[in-house]
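In: Got a predicted structure plus its sequence, pasted below:
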Amino acid sequence: MKFVKTLIMLTTFCAMALGSDARVESLGGNVGFWPGDDQTYTMFPQAVNNLDMIQVSGAGAGSDNGSVGVVWGDATTYGFMFSGDENTMINLLWGNGSMGVNFGLGMANDDNGLSGDDNEATSSMTLEGSFGMNMDFGELGVAFVQDGGDDGDDDTDDQSVMGLGFNLRRSQPVWLFDNMLVGFQNVTITNAGDMTDHNISGMDLTIDLFRNFDMGDGVKGLFAMGFGFSSSSVEMDGETTDGSDITLPNSTVAVEAAVTDWATVRFGCNHSYTLSGSNGDATYMGDASFGWDFGLGFDYGSFNLDMTLDNEGLFNNPVHYVTGRNTAPLSASATLTWSL
């Protein structure tokens, strides 16, 4: 069940996220909790109208794992994204001031030139798009992704993926919070893993309340708490296994603090408790998940550098790193942003 849920989430979110954001990753990982961040367009495409930048994501991880984007415009905004995915043809962003669109297309074909049963021509096509607009009731974003192809093997049926997503963010004063974020995703995978009669379908719904705090000079805080429901259906060899998870509460705590006028330290923590879960006839409760991330941000005037910390040794022995005597790197990759 957990493998299926992870597969569903990755299929939906990663398809639409054209770049990675080191800042949000170290602040809990949900860009919806940080209005105004430059990666907000991945959830609400109309935010592309607020961008004028050149950005390199995944620096240090190798060109196959990185991406480069340029976004600019006045009345109309255009953006182009390029990544290490060898099958991606185009990733385009567009905005007209009140709405925004993300569009991606990937295609591949490989024909060995042989005839008859020896021909194992393969092909694939990925189509993804999202639309966003600010409405009277809040910020709205919808997304769609379809992926499929021919694996060149007559013994297996070809895999196909179809996903739909919906996000809503609005001002909603409730209890300790002042904003609400709602997300819904639905994914269907046919012939998963290129296996005949292995089909997966699932949905995920999250409702979160959050509040951003001004905690003092140069210090920002975040507290979010919400509810999650996910369900899945796995069909294999004619047998179907259904499962579901209810998580309550899902919590995120994050702090971003300016150490100097050019350096920022970031911390984010996520905790989720499974109130009720099932996988076929088996049921369970508990199994809470917990994790944290740290990050650094540097403002060099002409550009910003953001990185997540894979090594927390900086906090245990800062002098060792400040003086350059460390042997282990702080981060595996970073994001560089030049504002136009």
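Out: Good, I have the coordinates.
In: contacts and neighbour counts: CA atoms only from here.
Out: Fine.
In: From Leu222, how far off is Asn179?
Out: When distances are taken as CA to CA, to the nearest Å, Asn179 and Leu222 turn out to be 11 Å apart.
In: overlap in contacts of the two?
Out: Overlap between the contact sets of Asn179 and Leu222, as judged by CA atoms under 8 Å, 6 or more residues apart in numbering, is given by Phe210, Arg211.
In: so Leu330 sits in a strand?
Out: No: under DSSP: H, G, I helix; E, B strand; the rest coil, Leu330 falls outside any strand and is assigned coil.
In: could you say which helix or strand contains the spatially closest residue to Phe131 that is not a sequence neighbour?
Out: Beyond its immediate neighbours in the sequence, the residue positioned closest to Phe131 (CA to CA, 6 or more residues apart in numbering) is Val101, lying 4.6 Å away. Under DSSP states H and E, the secondary-structure element containing Val101 is strand 99-110.
In: which ones are touching the residue found closest to Gly138 once you drop the neighbours it is linked to in the chain?
Out: Take Gly138 and drop its neighbours on the chain: the residue closest to it by CA to CA, 6+ apart is Arg170, 4.3 Å away. With contacts defined as CA under 8 Å, 6+ apart, the neighbours of Arg170 are Phe137, Gly138, Glu139, Asn179, Met180, Leu181.
In: So Arg170 versus Phe44, what's the distance?
Out: In this structure, Arg170 and Phe44 are 12 Å apart, going by CA to CA.
In: pLDDT-wise, which helix or strand of this protein ranks last?
Out: Counting by mean pLDDT, DSSP states H and E, the chain has its least confident helix or strand at helix 2-16, which shows a mean of 42.
In: immediately after that helix, which helix or strand?
Out: Next in line after helix 2-16, if elements are assigned by DSSP H and E, sits helix 22-25.
In: How far off centre is that next one?
Out: When C-alpha coordinates are averaged (CA atoms, centre = their mean, to the nearest Å), helix 22-25 and its chain have centres 10 Å apart.
In: So for it, mean pLDDT?
Out: Averaging pLDDT along helix 22-25 gives 93.
In: Stretch 66-82 too?
Out: The average pLDDT for stretch 66-82 rounds to 94.
In: tell me which residues in it are buried?
Out: Using 16 or more other CA atoms under 10 Å as the burial criterion, the residues of stretch 66-82 that qualify are 66-73, 77-82.
In: now it, how far from the centre of its chain.
Out: Distance, stretch centre to chain centre, for stretch 66-82: 18 Å (CA atoms, centre = their mean).
In: got a list of contacts for it?
Out: 18-20, 48-49, 51-59, 83-84, 90-97, 340.
In: coming back round to it: which phi and psi does the residue nearest to Gly138 have?
Out: Reported as degrees, to the nearest 10, the phi and psi values for Arg170 are phi -150, psi 160.
In: where does this protein dip in pLDDT?
Out: Low-confidence segments of the chain, defined by pLDDT under 70, span residues 1-20, 112-119, 152-157, 193-196.
In: if you set the cut-off to 50 instead, what comes out?
Out: By pLDDT under 50, the low-scoring segments of the chain are 1-19.
In: can you map out the helices along it?
Out: If you assign secondary structure with DSSP state H, the helices in the chain sit at 2-16, 22-25, 313-316, 318-322.
In: can you pull the buried residues of the last one?
Out: Okay, so that is helix 318-322. Of the residues in helix 318-322, those scored as buried under the neighbour-count criterion (16+ other CA under 10 Å) are Tyr321.
In: what separates that helix from the chain centre, distance-wise?
Out: For helix 318-322, the gap between its own C-alpha mean and the chain's C-alpha mean amounts to 32 Å (CA atoms, centre = their mean).
In: And for the third one?
Out: Helix 313-316 sits 28 Å away from the centroid of its parent chain (CA atoms, centre = their mean).
In: cool, and stretch 79-88?
Out: The chain centroid and the centroid of stretch 79-88 are separated by 16 Å, computed with CA atoms, centre = their mean.
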